[in-house]
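Undergrad: coordinates only, no sequence provided:
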């Protein structure tokens, strides 16, 4: 597998960063995961716009001379050279503040940021999607800047591991008694026939797929409101589903061992999942640029 | 400068970790900084005990076969080979969950953790200590597991940078109206002749130097209570000081542009700083092991 690291395309085995990279020392950087279908990126500009907002929010930038278009060209080359232009694939993209002697404050003068991209094949887990998954709830112990897609992911790592150890697929974070989001997904809950999801603010990531699904719900005429769901409301949820770049729309049929709705993916999750797959299959060529 | 990385002593320029190291991707690891004086470690066992507690808390361990004693031997060799056995020096020590294809959950089967140590000369900034420093207050946006010394340090990085940009040395975090700790220090405030500091819990790091200073205060008969200080109380603080492995006892003489006490390091800070320096100079040879 060929990856991109700081201006060079190298094999993954050769790709290494200095121990003084601030990604390694502080988690000082941001990342994105972008989906590609048949060599075309899905919602690439939304991902890159979020990356740029994240970089700005933490006082960072892309390496000198690198543009959003340049990043996409690297991603395209990774798809091509790794033979990932047919079917589904993902691009992982990470920017850190670069390598410098360790100080909490930013390197002064600034050093060149680190830019790392890698591509991987992706398979939609059809059977899992058809069956739905189980989730656990977990205390949302994260910081209060969850709107930033940073490398400070230890809380997410620990929650996801906890889920896996309990035989579940996702951990749903609960802060102050309400569902915020999943460890690597956004969470939607259908109560009284209406979809609800936590509003965009500093406590969740404004997921790109979340945004698409909200659009699709409107197109399908399914009522949706960005309003928090209290954890007690899970017991009367008709459906729960997760969204994410590699999650698409994934029904949650069990939370903390208790069945959700009928115990099978519901009509709303299924409709939205279908609509998303359709839209993803219809990526216009222009959207790949 | 020679550093240690995964079983080898290499020059810092050569030391690199795979892009799939979970330190680089998730900040998935812990670290410690240990002070050495004339080739002897100060409170090494307290640091290593905290490291082991941190590793256990996040489901990690040292690389196979590595013991606390083994870590100290590496640190000793780094001091020797880098000619740091005279005067002050620091050891930086970091453990990550290792390199593996990126998944939020832990690698399964587990991979060998990454162990990285480096040594650096350290100079006590006598003039700065004599003059005292300024600090700013900053919202404590960190997660609620601040008792763990992890690599998820972006909130600390941003707060410290904010301090530096305002011409200050440290950012003092304020959560729910009370001072928790500094971006890389613990904070003590003298009010009504009594030292107060935030109690050990999930909202602060249980600093090793903090612990030593609490002991020293008791020895010197200075009243100290582990009780939060409200941010409004700063204006009537007689003294404020910071503690840390590379901070020792450092008086804060200005917070958010307002003078603290007399505007000079106070009697209590000075007494505790002196007592700490004395204790550090008296590290028994046995404590180095």
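TA: Structure's in. What do you need? Bear in mind that the values here come from a model prediction, so they are computed numbers and not experimental data. Numbering: from 1, shown residues only, chains lettered A, B, ... in the order given.
Undergrad: residue A:144 and chain B, how far apart?
TA: 5 Å (C-beta to the nearest C-beta, to the nearest Å). C-beta here means a position set from N, CA and C on the backbone, and glycine is covered the same way.
Undergrad: thinking residue A:185 is in contact with residue A:252, fair?
TA: No: shown here, residue A:185 and residue A:252 do not form a contact pair, counting by C-beta atoms under 8 Å, at 9.5 Å.
Undergrad: which neighbours do these two share?
TA: Taking C-beta atoms under 8 Å, 6 or more residues apart in numbering or on different chains as the contact rule, residue A:185 and residue A:252 both touch A:170, A:242.
Undergrad: secondary structure class for the spatially most distant residue from the centre of chain A?
TA: Within chain A, residue A:109 marks the point farthest from the mean C-alpha position, 32.5 Å out by C-alpha atoms, centre = their mean. The three-state label given to residue A:109 by DSSP: H, G, I helix; E, B strand; the rest coil is coil.
Undergrad: show me where the stretch 51-200 of chain A has its helices.
TA: A:68-81, A:126-131, A:154-165 (DSSP state H, counting those that start in this stretch).
Undergrad: out of those helices, which one sits most buried?
TA: helix A:154-165 (a mean of 21; mean count of other C-beta atoms under 10 Å in any protein chain shown).
Undergrad: quick one: mean pLDDT over that one.
TA: On average, the pLDDT along helix A:154-165 is 98.
Undergrad: what is it packed up against?
TA: With contacts taken as 3 or more C-beta pairs under 8 Å, 6 or more residues apart in numbering or on different chains; DSSP states H and E, helix A:154-165 sits against strand A:133-139, strand A:170-175, helix B:22-26.
Undergrad: do that again at 6 Å, thanks
TA: Using 3 or more C-beta pairs under 6 Å, 6 or more residues apart in numbering or on different chains; DSSP states H and E, the elements in contact with helix A:154-165 are strand A:133-139, strand A:170-175.
Undergrad: can you give me how far the first one is from the chain middle?
TA: Spelled out, it's strand A:133-139. Relative to its parent chain, strand A:133-139 has a centroid offset of 17 Å by C-alpha atoms, centre = their mean, to the nearest Å.
Undergrad: for it, list every residue counted as buried.
TA: A:133, A:134, A:135, A:136, A:137, A:138 (16 or more other C-beta atoms under 10 Å in any protein chain shown).
Undergrad: orientation of it relative to helix A:154-165 in degrees?
TA: Angle, strand A:133-139 to helix A:154-165, by axes from the mean of the first three to the mean of the last three C-alpha atoms, to 10 degrees: 140 degrees.
Undergrad: one more: the shortest one?
TA: Using the same axes, to 10 degrees, one finds that strand A:170-175 and helix A:154-165 are set 130 degrees apart in direction.
Undergrad: in the sheet, who's paired with the nearest residue to residue A:238 once chain neighbours are set aside?
TA: Closest residue to residue A:238 apart from its sequence neighbours, by C-beta to C-beta, 6 or more residues apart in numbering or on different chains: residue A:190 at 4.5 Å. With DSSP bridges as the criterion, residue A:190 is bridged to residue A:195, residue A:239.
Undergrad: residue of chain A closest to chain B, please.
TA: Residue nearest to chain B within chain A: residue A:27 (2.8 Å; C-beta to the nearest C-beta).
Undergrad: what about that residue, distance to residue B:155?
TA: Counting by C-beta to C-beta, to the nearest Å, the gap from residue A:27 to residue B:155 is 10 Å.
Undergrad: repeat for residue A:170
TA: 25 Å.
Undergrad: try residue A:167
TA: In terms of C-beta to C-beta, residue A:167 sits 33 Å off from residue B:155.
Undergrad: now do residue A:78
TA: 32 Å.
Undergrad: over to residue A:243?
TA: Taking C-beta to C-beta, one finds residue A:243 at 27 Å from residue B:155.
Undergrad: if we can go back for a sec, who's in contact with the residue nearest to residue A:238?
TA: Residues in contact with residue A:190 (C-beta atoms under 6 Å, 6 or more residues apart in numbering or on different chains) are A:238, A:239, A:268.
Undergrad: with residue A:85 instead?
TA: Residue A:85 neighbours (C-beta under 6 Å, 6+ apart): A:39, A:79.
Undergrad: again with residue A:180
TA: Residues near residue A:180 by C-beta under 6 Å, 6+ apart: A:140, A:173, A:198, A:203, A:204.
Undergrad: how does it look with 8 Å?
TA: A:140, A:146, A:173, A:174, A:187, A:198, A:203, A:204, A:228.
Undergrad: turn the residues you listed into JSON lines, including pLDDT and neighbour count.
TA: Formatted as JSON lines, the contacts of residue A:180 follow (pLDDT from 0 to 100; neighbours: other C-beta atoms under 10 Å in any protein chain shown):
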{"residue": "A:140", "pLDDT": "98", "neighbour count": "24"}
{"residue": "A:146", "pLDDT": "98", "neighbour count": "24"}
{"residue": "A:173", "pLDDT": "98", "neighbour count": "25"}
{"residue": "A:174", "pLDDT": "98", "neighbour count": "17"}
{"residue": "A:187", "pLDDT": "98", "neighbour count": "24"}
{"residue": "A:198", "pLDDT": "98", "neighbour count": "22"}
{"residue": "A:203", "pLDDT": "98", "neighbour count": "21"}
{"residue": "A:204", "pLDDT": "98", "neighbour count": "24"}
{"residue": "A:228", "pLDDT": "98", "neighbour count": "19"}
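Undergrad: tell me the one of these nearest residue A:18?
TA: residue A:146 (29.0 Å; C-beta to C-beta).
Undergrad: was I right to think that closest one contacts residue A:182?
TA: No: between residue A:146 and residue A:182 there is no contact under C-beta under 8 Å: 11.5 Å.
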